[in-house]
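> okay, here's the prediction I keep looking at, along with the sequence it came from:
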Amino acid sequence: MSATTHRSSKVTCGNCGATNRLPAASAGVPRCGRCSTPLPWVVDAGDGEFGAVVDEASLPVLVDVWAPWCGPCRMVSPVLERLAGELAGDLKLVKVNADDNPEVSRRFEVQSIPTLVLLDHAQVVDKQIGALPEHRLRSWVESSLARRER
């Protein structure tokens, strides 16, 4: 296991305001230490820790393959983070910089960015290439999650 697997981020609970430390890789659903409300799980991952962070996740994972120079990627990112907050406990958002992580880009045959890949237990459920307006992106995520549950 890579040392980078142990990276964590701080998240403020939308219910009680408590600050929580979330690991990039963990089993189960992250919950607030104070009130047990599910927390939005948004993490960065790279080639080295991708398996632990994504493939071993117990929640469906939305992988956002992006680059810092990409305008459409920067437009989609806040929408994805809002969705991750709204779907806390039901979805994990993992952001992967395409420029720094060629193995992940090859795995999902990324040729354009942003590329979004919804995974469930390491299996691709759906893939979206390019930026969408918020209402269409929300619809795509929700319908892809529903398709996975059938």
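It's in.
> what's the neighbour count on Asp55?
13 (other CB atoms under 10 Å). In short, each C-beta sits where N, CA and C put it, glycine included.
> was I right about it contacting Ala122?
Yes. Between Asp55 and Ala122 there is a contact at 4.0 Å, judged by CB atoms under 8 Å.
> which residues does the most centrally placed residue in the chain bridge with?
Closest residue to the average C-alpha location of the chain: Leu93 at 1.3 Å, with CA atoms, centre = their mean. Under DSSP bridges, the beta-bridge partners of Leu93 are Val42, Leu62.
> what's the pLDDT at it?
The model reports Leu93 with a pLDDT of 96.
> ok, now Val61?
With respect to pLDDT, Val61 scores 96.
> enumerate every residue touching it.
By CB atoms under 8 Å, 6 or more residues apart in numbering, the residues touching Val61 are 54, 91-94, 118-120.
> can you pick the most crowded of those?
Going by other CB under 10 Å, Lys92 tops the contacts of Val61 with 28 neighbours.
> that one against Ala57, yeah?
Yes. Using CB under 8 Å, Lys92 is in contact with Ala57, at 5.4 Å.
> what residue of this structure is the furthest out?
Max radial position in the chain (CA atoms, centre = their mean) goes to Arg34, at 23.9 Å.
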